[in-house]
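Peer 1: Here is the input, now give the coordinates:
(2 chains)
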Number of protein chains: 2
Amino acid sequence: MSEKVKGERLTPLAHNLVKLNNFFWAQRQKTVFNISIPYQYQALNDSVPGATASNAIKNFRIAAGEMKEAYGGRVFQDSDVYKWLEAVGYYLGVEENPELESIADEIIDLIQRAQQEDGYVNTYFTVAAPLERWNNLRDLHELYCAGHMIEAAVAYYHGTGKTKFLTIACRFADYIETVFGSETSKKQGYDGHEEIELALVKLFKTTGEERYLALSKFFIDERGMQPHFFDSEEENRKQEATKHDYSYYQAHMVEYDYAYFQAHQPVREQETADGHAVRAMYLYSGMMDIAIHTGDGSLYKACKKLWNNIVSRRMYVTGGIGSIAHGEAFTYDYDLPNDKAYTETCAAIGLVFFAQRMLHYEVDREYADVIERVLYNGALSGISLDGTKYFYVNPLEVWPESIEKRKDNYKKRLRSTRQEWYGTACCPPNIARLISSLGHYMYSSNDREVYAHLYIDSEANVKINGRNISIIQKTNYPWDETIQIQVNPENESEKFTFALRIPGWCRQATLSINGKLVDIKSSLKQGYVYLDRLWKNGDSINLQLAMPIEKIQANVNVRVNAGKMALQRGPVVYCLEEVDNGSNLPDISISQHAEFSSYFDHELLGGVTVIETEGKRVSNMTEEDILYKPLEIETRTVQIKAVPYFAWCNRTPGEMLVWIRRH
Amino acid sequence: MSEKVKGERLTPLAHNLVKLNNFFWAQRQKTVFNISIPYQYQALNDSVPGATASNAIKNFRIAAGEMKEAYGGRVFQDSDVYKWLEAVGYYLGVEENPELESIADEIIDLIQRAQQEDGYVNTYFTVAAPLERWNNLRDLHELYCAGHMIEAAVAYYHGTGKTKFLTIACRFADYIETVFGSETSKKQGYDGHEEIELALVKLFKTTGEERYLALSKFFIDERGMQPHFFDSEEENRKQEATKHDYSYYQAHMVEYDYAYFQAHQPVREQETADGHAVRAMYLYSGMMDIAIHTGDGSLYKACKKLWNNIVSRRMYVTGGIGSIAHGEAFTYDYDLPNDKAYTETCAAIGLVFFAQRMLHYEVDREYADVIERVLYNGALSGISLDGTKYFYVNPLEVWPESIEKRKDNYKKRLRSTRQEWYGTACCPPNIARLISSLGHYMYSSNDREVYAHLYIDSEANVKINGRNISIIQKTNYPWDETIQIQVNPENESEKFTFALRIPGWCRQATLSINGKLVDIKSSLKQGYVYLDRLWKNGDSINLQLAMPIEKIQANVNVRVNAGKMALQRGPVVYCLEEVDNGSNLPDISISQHAEFSSYFDHELLGGVTVIETEGKRVSNMTEEDILYKPLEIETRTVQIKAVPYFAWCNRTPGEMLVWIRRH
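Peer 2: Numbers count the residues shown, from 1 in each chain, chains lettered A, B, ... in the order given. Model (predicted):
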C-alpha cells in the first residue's frame, strides 16, 4: 500500500506494514483489538447490559427484510457499524483473527442483503423514510453514512484482501455518481456532514478510478456556492411538505446557520475554522486530499489559513477542538473555556486526519506535533484504559457536581465519568479505528526519502525504490527520552534520506548514528533532521529527546488561562485529579519557579510517569458559612501529584484540572 | 401606614413618609419618576422605536372588547402593567403628578372594563384561551398576574387614596377565594409562579380582611403536598387534551422538575434555595409574611434555613442570585460562575423583599446588610443611569465577544449592553417599583423603638406611641463616611430607643450624640447600636462609617474565584471596565498587598467614587500566533481604575470584571 498514488509527493506507510511492539501504543492497540472491538460488537448488537441501545445492526436486518421492527436510533446509526468494520479491517491487517473475520464477513453479507437494487444502502431511508431519499442532504447524514461505508470497505479490503465489501461500496458510489454531479440531470448538492469527500479519495486510491476523485472534488467545489443548495432543497421540501412530515428535522436543525455545515461560503474563501468541529475536520481533510491528488493549490492555500486559525487560536493544549456544546462547534478566537470545552473525541481524531494530509503536502513538524498532541492527549482521553468506556466530550476541567447538577451541562453530553455507550455513538468506534490504524501515522516515504513522524516501539517495512527497509524502533516513549532506531535495508546497504522529526516540544535533542554524534542543527529543516547517507544493515540511531517537565502558558488572549499554567512532559499533558490531590483543585496553586520530580509508576494507571511538586492551598476561610470577607490570605504547603491527562478518570471519579493557578 | 398590624413585632415605615433628598438615591428616584416611568408607559404602549413590542396595554383593550386583534406577548404580559402601576402608586405617594395620575386612572378604568362579571381579570385567558382558565396553574402565571394586580392596587390606594383599583383587586381576590380553598368544592392548588401569597398579605394589611391572610396561608400550606396538585391538574389536562391544545406549554415546561416551582416538597421541609430564583424569593417572602402575621414559627424556621443557604452558599458578592440561565435558577452550593451568572434583576429585588421580612421578624443587621448589598449592586445594575435601558441578567464578568458569538449565551438573555426592553419585561418595571418605594426600606418601628436600616439623605416621619418623630439624615452616603442625623420629636422630647445599624462591611464606626462620643460596642446588639434616651428636639447624631477600600475574598469553595479578589468600598462593589483599563481584563492582576487611592469624580457616571491602584499585565506572548509555549513570565505595571459595578456599561460598551486576579 505504499505504492505511489497520482499526485502524492509523499506516501504514508500503510498501517499494516508497522507492527507495534511492547509498550505504550502496543498495549492500547491490543486493548482495542481484544476488548474494545468485541465489546463494541456487543454494543452494536444491543447486548451490553445497562448501555444505551444502539439498534445499529438490527436496523440492517430490518432493511434486509429479515426482521419486522421499527427503525431504531439516529438517522446516522449505520455509520457506527461501518466505523467498527473499518477498525476490524485495520485489526485484520495487523493480525489474524478468523473468528472476528467471520463475524465481520457475516455483517458484510448482511449489508449486501440490505443493499437496494440500484446500489443504495442506508437503513434509515430504506426502513423509516423511503420517500425522503436525497431530499434532505443538509440534515440527514445520507452521504455521511455512505462515506463511512466506503472507508470501511477500503480498510477491510486492505486488511483481508477480500473484495466483497469493496464491491458493495463501489456499487453504492457508482450509484451516487448517477445522482450527484454538474450535469443538469443531476443534483448539484452535498452533504450537511462532510465525510464522503475523503472517503471517495480513499476509494480512488484503492481502485485507481479517477471518477471517484472527481466526484469528491465536485462535492467540495459545490459547497457553499450560490444559489445555495440547502435553500433549494429546503424549498423543494416545503413544496412536498404536504405529502411527508419533515417537521422533526426542520425543527431540530433550524437553530444552526450554514457555517455549522461549513457551507456559509465557498470552501476556498473560508478563513476561520467555523461550525461543527468534526464536520470541519472531515471537510478540510477532503480538501487537502484533493489538493494532494489534483495539485489544486487554491485548496491547500485555504486549508493552510484554516490550519493556522485552529492551531494558533482555537485549539486546546490537549489538541481538543470545539469550544461549545451548541452545535458541537468552534466559536471564535481564543475562546477556550476549560470546563465548557466540548472537545469531542471525534473532532480530535478529525484533526489528526487533517494534520496528516497537511504533513503530506508539505513536511513540517508542526503538523506531526499536532498529531502527537492529539494522540497522547485529547483523543486518547476518549477511551478508558480497559477499552470499554468512552468520553464523548473531553473538557480540561471537571467539577462533577457541576455536570450532574447544572442540567444544561448534562444535556450537552458532558459526563464526569466515561460511559459504556452513547445514543450518538460516533466516538467509540472512531477512537477504535484510529488506534487500530496507528501505524499509518508513523512513517511516510517517497523514492528518495523516509520520514519518521512518531516514535513508538515497533517494526516497520518501508519500501524505497522498490526495495524494503526494515526500521525497528526500540523505545519506551513517551515515558523515556531514548529512542533507539535500527535501519536494515533489504540489500546490504541503501542510499536514501532518513528524516526524523525533532518534536516541537523538545528543547534539547541529541542524535548519534552508530555512536557518532550528529549535528542536528545543521541538518534540521522544518523540524526534521535529514540524515542523507548510505544506510547499512544494522545502522543504529540513538535519538535523545530531553523531557524535562515543562510549565506551559497559554497566549495572553486566552482569558480563562490567565495566571495559570499547564504541565507537560514530552508530548504528554498532565492534570490533577481529586483522587490524588483532594477536592477543590482550583484552590491549588504552584509556583512559577516550582521544581518537579517525576518517576515511572508501574502500578499506576497501567504504568505512567507521575509528576510531583509542592503547591499551596488557601487554608483560612475555615468558617465555612462565610461567603465573602476581607482578604486575609494564609496558605499551606501541599504535595501535588499530576498524572497524564489521557489517563484521568480511570480510578475513583472526581474533579480534574489541567490549567493550574501559578503564584 | 406605620400603624401596627396584627402580628407585627416591628412595622416598616411606609415609603411615602420618607422624602429622599439631594444625593444618590434621590437622583435615582427622580430619574425613575421623570424618565423611567414615562418611558415604560411608552414601552407598554408599544411606542418605543426599536424596542421589543410589549402589547401589554393593547391586550387590556382587546380584553375589554374595544379592539379586535390577537393577544400579544407572553401569558404573563398583564403583570408588566401592574408593576408599572405599582411604581406609579409609589410615585404619587411621594409627589403629585396630576398628568401621570390621570393616565394611570385611565388604565385602571380600562382594567375595570376588562374585568369579567365574576371578578376575574387576565387578558391572556379572556382573549386567547377562555377555556383554559384555572386549568394550568403550573405554567400559565394566572395567580401570579392576580398577585401583581393586588400589589399595584394596594400601592395605588396608599399613594392616591383612591379606592377604585383596590375594589377591582378585592373583587378579583374574592372571586379567587371562591375557586381555591380546602373545601372539597374548591381547587386545592397554587400557582407555578409564586406572587399571590405576598400580595394577599398586603391586601389583608390594607383592608384588615383576615380572609386574604388565610387564603395566602392556604396557598403556602398546599405547596408541594402530596398528592401533587401539578400532577392532578396535568392529568385533567390530558383528559381534556382532545378538546384544546396545550401542547405548547407542556412542551415548553417539560424540562423543569417541581423544584423549579419550589413545589418538590412541602415548604416547611425545604432546606436549600432551589429552582427559579425569583419564584423562590416571592415564596419565601410570602412564607415570612405568614410567619409574621400568624406567628407560625415553623415557617420562620424553614425560611431561616433557606436564608442561611442563600447568603452563605448561593449569593454573588453583588447580592445577585441564580447561577444558571436554564430555569433562571439556583444550582448548588458554591456554584457562582461570574460569566455565566444569571442573577436576574428581579431575583435580586426579590431577595430585598425576603430580607426585609426576615429583618422584621428578628432585627439583625445581616438582613439589612443584604438589602444594602443588593440595592447598591445587583439590583441597581439592572437600570442605566439615564433610566431608559435595562439588564435582565447581571453577570460579574462580561466578554462581549462571548455573548455575541457564543449563541448559547445570547439565547439566554445575556447581553453585553442594557436593552430598551425585553420580550419578557419583568425586570424594568420591577426595578422601577423598587426605587420608587425605597423609603419603605429605611426605617421600622414599634411602640418603643425606631430602627434605621439604611443611610440615605432624607427626611422621615416616624410615629411612635402616636407621636411624630421627624428624622433628618444628611449624608452623601455611600460616597461619604459621615451620616448626620437630626432627631426631632413632635413634642419637645420623647423617650424611645433609636437603633442604628452598623453595617457588616464596616470595621470602624464611631458615633456621637450632640458631640459626645457613644461607646458603640457596649450598646451593640445584632449589629444595631441601641440608643435609649430621652430624645430632644434637635438632637444630633454623628455617625462615621470608615470606608477604606476593602479587598474581598470569596469562600475557598467558590472555585471560580480562587486566587481572585473583589474591591468594595462601603456597600459598593467595584468592577473594572474595558473603557478604563483596556481589553483583556482577566490579564490584569493586583497585589494582595496593593494600596489604593480613591476620589470622587463629579463628572464620571453621574458622580461616583473611583478607585485607583497599580496592577500588572503579562507583557510577553506578543507573538500573537503562538497559542502555547513554555512559561516565561514578564509583567508590566499598569494603572488600574475601578468604578462601581452598578454603573458599568454607561459609557463605551466593552469588557467588565468584578473578581480580579491577585498576586
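Peer 1: does any part of stretch A:552-567 sit near chain B?
Peer 2: Yes - applying CB under 8 Å from any CB of the partner chain, one finds stretch A:552-567 in contact with chain B at A:552-560, A:562-563, A:565-566. (Each C-beta comes from the backbone N, C-alpha and C, glycine too.)
Peer 1: quick one: which of the residues you listed is nearest to residue A:327?
Peer 2: Nearest to residue A:327 among the residues of stretch A:552-567 next to chain B: residue A:560, at 19.9 Å, using CB to CB.
Peer 1: residue contacts, that closest one?
Peer 2: Residues near residue A:560 by CB atoms under 8 Å, 6 or more residues apart in numbering or on different chains: A:336, A:337, A:338, A:659, B:586.
Peer 1: and these as TSV, adding neighbour count, secondary structure and distance to residue B:327?
Peer 2: What follows is those, written out as TSV (neighbours: other CB atoms under 10 Å in any protein chain shown; DSSP: H, G, I helix; E, B strand; the rest coil; distance: CB to CB, whole Å):
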residue	neighbour count	secondary structure	distance to residue B:327
A:336	27	coil	27
A:337	22	coil	21
A:338	23	coil	24
A:659	26	coil	29
B:586	24	helix	28
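Peer 1: could I get the residues you listed as JSON lines with pLDDT?
Peer 2: Output for those, formatted as JSON lines (pLDDT from 0 to 100):
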{"residue": "A:336", "pLDDT": "97"}
{"residue": "A:337", "pLDDT": "95"}
{"residue": "A:338", "pLDDT": "96"}
{"residue": "A:659", "pLDDT": "98"}
{"residue": "B:586", "pLDDT": "97"}
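Peer 1: List just the nearest of the residues you listed to residue B:391.
Peer 2: Of these, the one sitting nearest to residue B:391 (CB to CB) turns out to be residue B:586, at 20.8 Å.
Peer 1: Go ahead and confirm that closest one touches residue B:658.
Peer 2: No - using CB atoms under 8 Å, residue B:586 is not in contact with residue B:658, being 11.4 Å away.
Peer 1: how long is stretch A:392-401 end to end?
Peer 2: 18 Å (CA to CA, to the nearest Å).
Peer 1: hey, what's in contact with both of residue B:586 and residue B:658?
Peer 2: residue B:397.
Peer 1: Tell me how far the residue lying closest to residue A:482 once chain neighbours are set aside lies from residue A:480.
Peer 2: Among residues not flanking residue A:482 along the chain, residue A:544 sits closest, at 5.8 Å (CB to CB, 6 or more residues apart in numbering or on different chains). To residue A:480, residue A:544 is 10 Å away according to CB to CB, to the nearest Å.
Peer 1: Between these two, point out the one with more neighbours.
Peer 2: Higher neighbour count among residue A:544 and residue A:480: residue A:480, with 19 against 15, using other CB atoms under 10 Å in any protein chain shown.
Peer 1: Which pLDDT value does the model give that one?
Peer 2: Looking at residue A:480, its pLDDT is 96.
Peer 1: before we move on, what about residue A:243?
Peer 2: On the pLDDT scale, residue A:243 gets 60.
Peer 1: is it true that residue A:154 lies in a helix?
Peer 2: Yes - assessed by DSSP: H, G, I helix; E, B strand; the rest coil, residue A:154 belongs to a helix.
Peer 1: what's around it, how many residues?
Peer 2: 23.
Peer 1: same thing with residue A:95?
Peer 2: 12.
Peer 1: Angles on the backbone of it, please.
Peer 2: Per-residue torsions, residue A:95: phi -150, psi 160 (degrees, to the nearest 10).
Peer 1: re earlier: tabulate the contacts of residue A:560 in a markdown table, adding columns for distance to residue B:313.
Peer 2: A markdown table is the format used below for the contacts of residue A:560 (distance: CB to CB, whole Å):
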| residue | distance to residue B:313 |
| --- | --- |
| A:336 | 29 |
| A:337 | 24 |
| A:338 | 23 |
| A:659 | 25 |
| B:586 | 25 |
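Peer 1: Tell me the one of the residues you listed nearest residue A:36?
Peer 2: Once CB to CB is applied, the member of the contacts of residue A:560 that ends up nearest residue A:36 is residue A:338, at 27.7 Å.
Peer 1: OK, contacts around that closest one?
Peer 2: A:395, A:396, A:397, A:560, A:561, A:657, A:658, A:659.
Peer 1: what's the nearest residue to the fifth one if we skip its chain neighbours?
Peer 2: In space, and not counting its chain neighbours, residue A:561 is closest to residue A:554: 3.9 Å by CB to CB, 6+ apart.
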